[in-house]
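A.B. asks: structure of the sequence below:
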Amino acid sequence: MNNILIVDDVECVSAVLQQILSRSGYHAEIAAGGHEGIQMFDTTPFDLVITDIKMPGIDGYGVARHIRKSHRSSTPIIGISGTPWLLDGDEFDWVIPKPFGLQALLDAVENLIGHTVTSCQDSPDSVNQPTQNV
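C.D. replies: Residues are numbered from 1 along each chain as shown. Have a look, this model is predicted:
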């Protein structure tokens, strides 16, 4: 099972992402912000990191720069942003603009770590609308 780190300062967003990923066959852990995300990344092997870009303190750029300078620099990073057109640099392997459909997230995850996921539509416990935005 692939291990994914979710870094977001908005608890309800993190919880929804974790639920969607776990229902799709992934193990997802939550960090409440950039500082905690970096600590978790340094102590636990993750196959993928999903980070909000705009957060107080250490933002998504800081998280991504830390990962890129680490011994696991090739770990894929998905950045989620309400202002993707303002992004600079190539720290992120994939950027998903907010709001986004759940299937867009699952497609990005599958593309980056090569695990075929169960569509949100196919899971009996899942949200019945795959286009629901996060």
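A.B. asks: what number of residues lie near Ser74?
C.D. replies: 9 (other C-beta atoms under 10 Å). For the C-beta atoms, the positions are set from N, CA and C on the backbone; glycine is no exception.
A.B. asks: am I right that it sits in a strand?
C.D. replies: No: going by DSSP: H, G, I helix; E, B strand; the rest coil, the assignment for Ser74 is coil, not a strand.
A.B. asks: contacts for the helix or strand harbouring Gly37?
C.D. replies: In the assignment (DSSP states H and E), Gly37 maps to helix 34-43. With C-beta atoms under 8 Å, 6 or more residues apart in numbering as the test, helix 34-43 has contacts from 5, 7, 29, 31, 46, 49, 51, 55, 57-60, 62-63, 66-67, 70, 72, 75.
A.B. asks: and with 10 Å instead?
C.D. replies: By C-beta atoms under 10 Å, 6 or more residues apart in numbering, the surrounding residues in contact with helix 34-43 are 5-9, 29-31, 46, 49-52, 55-67, 70-72, 75.
A.B. asks: let me see the mean pLDDT of the very next helix or strand once past it.
C.D. replies: Following helix 34-43 in sequence order, the next helix or strand is strand 48-52 (DSSP H and E). Mean pLDDT, computed over strand 48-52, is 97.
A.B. asks: got the buried residues for the worst-scoring helix or strand of the chain on mean pLDDT?
C.D. replies: Each helix and strand of the chain was given a mean pLDDT (mean pLDDT, DSSP states H and E); the minimum falls on strand 94-97 at a mean of 91. Using 16 or more other C-beta atoms under 10 Å as the test for burial, strand 94-97 gives 94-96.
A.B. asks: give me the next element, helix or strand, following it.
C.D. replies: With DSSP H and E setting the assignment, the helix or strand that follows strand 94-97 is helix 102-113.
A.B. asks: okay, now the unreliable bits of this structure?
C.D. replies: Scanning the chain for pLDDT under 70 picks out 89, 115-134.
A.B. asks: out of the contacts of helix 34-43, which are inside strands?
C.D. replies: Counting by DSSP state E, the part of those found in strands is 5-7, 29-31, 49-52.
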